[in-house]
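1. need a structure here:
(one chain, ligands or ions: 1)
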Amino acid sequence: MTISDDLPRLGRSASDAPAPSGAGILHLGLGSFHRAHQAVYTAAALERDGGDWGIVGVASRSRSVVDAMHAQDLRYTVATISPNGTRLSIPGAHTDAYVAADDPQRVVRHLADDGIRVVTLTVTENGYSYAPASQRLDLDDPLVRADLAGEAPRTTIGQLARGLQLRASRGGAPVSVLSCDNLAANGSHTEKLVREFLAELPSGEGAEALAFLDASVSFPSSMVDRIVPATTDRLRAEVSVLLGAIDEVPVPAEPFTMWAIEDRFAGGRPAWEAGGAVFTDEVGRYEQLKVRLLNGTHSLIAYLGALRGAATIPDAIAAGGIEAAARAVLRGEYEPSVQVPSGVDVREYERQLFERWGNSALGHRTSQVGSDGSVKLRQRIPEPALLALASGRMPHLIALTVAGYLSCIAPLPGFDAGPHAEAMTDAAQHRLAELAATASGGRDLASRVIAERQLFGEQLAAETAFIDRVGDLVDTIARHGVDAAIDECVGA
Ligand code: CS2
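-> Okay, here's the model as predicted:
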């Protein structure tokens with residue numbers, strides 16, 4: 001499909017949404033997920049109540065979305081895709097967009113602006129500058145050190161800390177920082193890292209800001225959920241034809257969407273419940289349920305699927321024993337590790353998961369879900385694995401998830417993981433591939449990664465039986481293929 005040059009560019013006139021009367025939200029991480037999630041809830045709140053809860057969207061480095069949004073009066077399309085068809089909507093929540101890397105001090109100034117009362121974050125699991133093993137601010141990270149030394153801050157934690165420091169020095173208004181990333185206890189985790197940053201500043205320079213945090217800043221936790229694949233040229237073309245206007249940055253998304261939020265907002269908040277958000281004291285339970293049952297199983301499907309040659313999650317689910325492996329890890333290994341929030345029917349939740357993963361029209365790629373496993377798996381697997389081990393059970397399918405990850409990212413010499421594994425990116429890939437290149441076999445590789453490097457934290461590093469199980473499964477995958485490894489684990 002080609003886009004006709006005669007079409008106009010998407011703009012304000014394409015949507016009926018009333019423009020917000022001002023910006024109350026600063027959002028860091030202007031990616032697809034934010035545009036199909038928080039922005040949609042905010043648009044619903046604005047549509048119902050009006051007001052000044054517009055969003056200023058900040059991309060960390062990439063200029064493409066920011067430039068396209070400016071060329072389109074800050075409008076873009078959300079294409080809700082299901083096997084029954086595609087529905088288009090144009091949320092109108094943004095009032096501005098810019099790139100942080102162009103002028104990091106602009107972010108700092110913005111954070112100190114009293115008009116901003118909520119700061120939302122979707123900077124991915126990778127964006128919080130903490131050391132996976134200790135979960136503390138990563139003082140070995142040169143960017144963190146530069147931010148602490150007083151350079152224009154480039155890390156999200158540095159920007160938040162410096163912005164709140166400026167706000168504190170002006171006696172600024174209360175504000176909330178709302179993490180929307182798939183991290184356990186994402187609110188308190190973010191607060192801890194910001195506090196660690198401020199406490200590291202020389203000569204008590206952070207003291208005033210720390211006191212301001214005590215009095216005027218809240219860090220509610222939230223659980224976010226919506227499958228949002230990367231956009232494609234095909235979607236750009238389809239959307240432009242359907243709209244009769246060119247949209248360079250449409251976002252594909254599944255119909256399902258969920259947001260559970262702790263209602264602790266120091267400076268007020270939009271009525272996100274207008275878009276279906278749930279305000280609850282049980283966010284921790286919602287997070288666990290989602291990060292383990294959905295994300296943990298998603299990782300298993302992605303790695304095993306990629307190794308079996310599947311380009312997409314629905315293709316992976318349909319291949320060989322992967323659906324059976326997914327059901328087994330859900331029921332046998334993740335479900336016993338969570339406390340289900342009240343009112344949630346876990347059987348229905350699981351039924352929906354398989355329906356969502358099976359959405360073949362959405363085309364969510366195994367390489368996308370499999371990317372950044374070094375930080376994603378740290379959130380998804382150690383606690384449920386440790387709980388199973390403590391009760392005397394070997395979590396075979398969690399071990400298989402890790403073995404799948406290692407086989408994709410750091411294959412043993414002579415093992416060809418295939419194109420979908422090769423398309424995965426991961427900050428730890430180079431280091432892990434070096435370890436794999438000289439490993440004497442699966443057990444040696446697993447021991448170097450999990451025990452010595454402590455990729456999944458200190459506690460799992462001490463679980464020798466688990467590490468050996470991972471190593472043996474790496475060998476099985478290399479010698480006999482993924483199906484043989486699944487057969488060893490399902491029903492084991
Ligand atoms: C996925 C998530 O890429 C991944 O690791 O598991 O992005 C998942 O699609 C979302 O968390 C769904 O809410």
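2. Who are the packing partners of the lengthiest helix in the chain?
-> For the chain, the helix that runs over the most residues, judged by DSSP state H, is helix 464-480. Other elements packing on helix 464-480 under the criterion 3 or more CB pairs under 8 Å, 6 or more residues apart in numbering; DSSP states H and E are helix 382-390, helix 396-409, helix 442-446, helix 482-489. All C-beta atoms are positioned from the backbone trio N, CA, C, and that covers glycine.
3. Present these as JSON lines; the columns should include mean pLDDT, distance to Q352 and mean neighbour count.
-> Listed next are the helices and strands packed on helix 464-480 as JSON lines, based on pLDDT from 0 to 100; distance: least, CB to CB, whole Å; neighbours: other CB atoms under 10 Å:
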{"stretch": "helix 382-390", "mean pLDDT": "98", "distance to Q352": "20", "mean neighbour count": "19"}
{"stretch": "helix 396-409", "mean pLDDT": "98", "distance to Q352": "20", "mean neighbour count": "29"}
{"stretch": "helix 442-446", "mean pLDDT": "98", "distance to Q352": "34", "mean neighbour count": "22"}
{"stretch": "helix 482-489", "mean pLDDT": "97", "distance to Q352": "23", "mean neighbour count": "21"}
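4. Could you dump the ones you listed into a markdown table with distance to the ligand added?
-> Putting these into a markdown table (distance: least, CB to the nearest ligand atom, whole Å) gives the following:
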| stretch | distance to the ligand |
| --- | --- |
| helix 382-390 | 15 |
| helix 396-409 | 12 |
| helix 442-446 | 22 |
| helix 482-489 | 19 |
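5. interface residues of the stretch 201-350 of the chain facing the ligand?
-> Counting by CB under 6 Å from any ligand atom, the residues of the stretch 201-350 of the chain close to the ligand are D225, R226, I227, N295, H298.
6. Which of these has the largest number of neighbours?
-> Neighbour counts for these were taken using other CB atoms under 10 Å; the highest belongs to H298, with 24 neighbours.
7. does it count as helix, strand or coil?
-> The three-state assignment at H298 reads helix, by DSSP: H, G, I helix; E, B strand; the rest coil.
8. Quick check: it vs L304, distance?
-> Shown here: H298 relative to L304, a distance of 11 Å by CB to CB, to the nearest Å.
9. for G309, phi and psi?
-> phi 90, psi 10 (degrees, to the nearest 10).
10. Kindly export stretch 331-351 (C-alpha atoms) in CSV.
-> The C-alpha trace of stretch 331-351 is given here as CSV (Å, rounded to 0.1, in the frame of the first residue of the first chain):
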residue,chain,number,x,y,z
ARG,A,331,-0.5,-22.4,36.9
GLY,A,332,2.4,-24.3,38.5
GLU,A,333,5.0,-21.6,39.0
TYR,A,334,3.7,-18.0,38.8
GLU,A,335,0.2,-18.4,40.2
PRO,A,336,1.3,-19.9,43.6
SER,A,337,3.7,-16.9,44.0
VAL,A,338,1.0,-14.2,43.9
GLN,A,339,-1.8,-12.9,46.1
VAL,A,340,-4.7,-12.1,43.8
PRO,A,341,-6.2,-8.7,44.3
SER,A,342,-9.8,-8.8,45.6
GLY,A,343,-12.4,-9.0,42.9
VAL,A,344,-10.0,-10.4,40.3
ASP,A,345,-10.9,-13.9,39.0
VAL,A,346,-7.6,-15.4,38.2
ARG,A,347,-9.1,-18.0,35.9
GLU,A,348,-10.7,-15.3,33.8
TYR,A,349,-7.5,-13.3,33.9
GLU,A,350,-5.6,-16.3,32.5
ARG,A,351,-8.3,-16.9,29.9
